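1. Just the structure for this:
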Amino acid sequence: MAFSELTRPWRAPGHSTARGGLLLVHGFTSTPQSLRPWAEDLAGRGWDVDLPLLPGHGTTVADLASTAWQDWYEAAKQAALGLAEQHGRIAVAGLSMGGTLTLALGQDEQLREHIGALVAVNPGMTLPLAARAAGLIAPLVPTLPGIGSDLARDGVAEETYARMPLRAVAQLRRLFTRTRSRLDLVRAPLLLATSRVDHVVPPRDSDLVAAGVRGPVERLALTRSYHLAPLDHDAPLLFETTARFLDQHLIAVEHRR
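-> Residues are numbered from 1 along each chain as shown. Here you go, the predicted structure:
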């Protein structure tokens, strides 16, 4: 598909007195377009928001097939380090695989002291049993139909690949497995938002996260949205709850220091 300007990396216009730095991370086969309303809402509340485009995304399926999970992780980590250099303590938030990367950044020794709050929306932790053989099947069946636009809201669409490369699915599984095995390293306060009906990531994956992390967890039920909550009916609820959570766990803590 032809991608619009909304799929490009986005950075909030500079604030003379920003509330703090916030990194937003999009999902697998997706682009910043899926999080743009969330980013703009938080930027409007005074946050310095960085919404990067992950390697292999927003270009061609072949580009995605040639990337590894480390490429996605390193891009997110460098963006987080850049924000931390400017703001000291920051927040990280993400959707789907972006939620997985959010939790992975919370596990990183180099970043842990800089991350004051995490927000994960429908984070992935598991894949279907068939995905275990994705790397082996890829030479025979390079791609499968895509997973985009899982929305309850009419008239909205996600800009994403129409197909997903199985080589990249194999990398996604490795990211999920690694992050799930290290959840006990996540100590920052976590807002965990979960759609009641999700046709991409099983809602039980959020239960795995809640049970595995060691920091405080606040659960948010998204009852009117499917997977892409930042574009769906529950977007206002998600935006407002995120803003309140960040004020509580990042701004308020900084004021007490």
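2. So, low pLDDT: which residues of the stretch 151-257 of the chain?
-> 252-257 (pLDDT under 70).
3. for it, what spans make up the strands?
-> Assigned by DSSP state E, counting those that start in this stretch, the stretch 151-257 of the chain shows strands spanning 163-165, 190-195, 217-222.
4. Out of the ones you listed, which is the most enclosed?
-> Comparing the strands of the stretch 151-257 of the chain by mean neighbour count (mean count of other C-beta atoms under 10 Å), strand 190-195 ranks first with a mean of 24. Using the backbone N, CA and C atoms, a C-beta is placed for each residue, glycine as well.
5. ok, back up a step: nearest to residue 247, of the strands of the stretch 151-257 of the chain?
-> Ranking those by their distance to residue 247 (criterion: C-beta to C-beta) puts strand 190-195 first, at 11.7 Å.
6. which residues touch the closest one?
-> The contact list for strand 190-195 (C-beta atoms under 8 Å, 6 or more residues apart in numbering) reads 103, 106, 117-123, 203, 206, 209-210, 213, 215-222, 225-227, 229, 232, 234, 238, 241-242, 245.
7. before we move on, the earlier item: nearest to residue 65, out of the strands of the stretch 151-257 of the chain?
-> Closest to residue 65 of those is strand 163-165 (C-beta to C-beta; 3.6 Å).
8. Which strands or helices does the closest one pack on?
-> Counting contacts by 3 or more C-beta pairs under 8 Å, 6 or more residues apart in numbering; DSSP states H and E, strand 163-165 packs against helix 61-65, strand 143-145.
9. Name the nearest residue to residue 212, ignoring sequence neighbours.
-> residue 183 (3.1 Å; C-beta to C-beta, 6 or more residues apart in numbering).
10. neighbours of the one you found, just the number please.
-> 19 (other C-beta atoms under 10 Å).
11. So it versus residue 99, what's the distance?
-> Using C-beta to C-beta, to the nearest Å, we find residue 183 at a distance of 12 Å from residue 99.
12. With residue 203 instead?
-> For residue 203, the distance to residue 99 under the criterion C-beta to C-beta works out to 13 Å.
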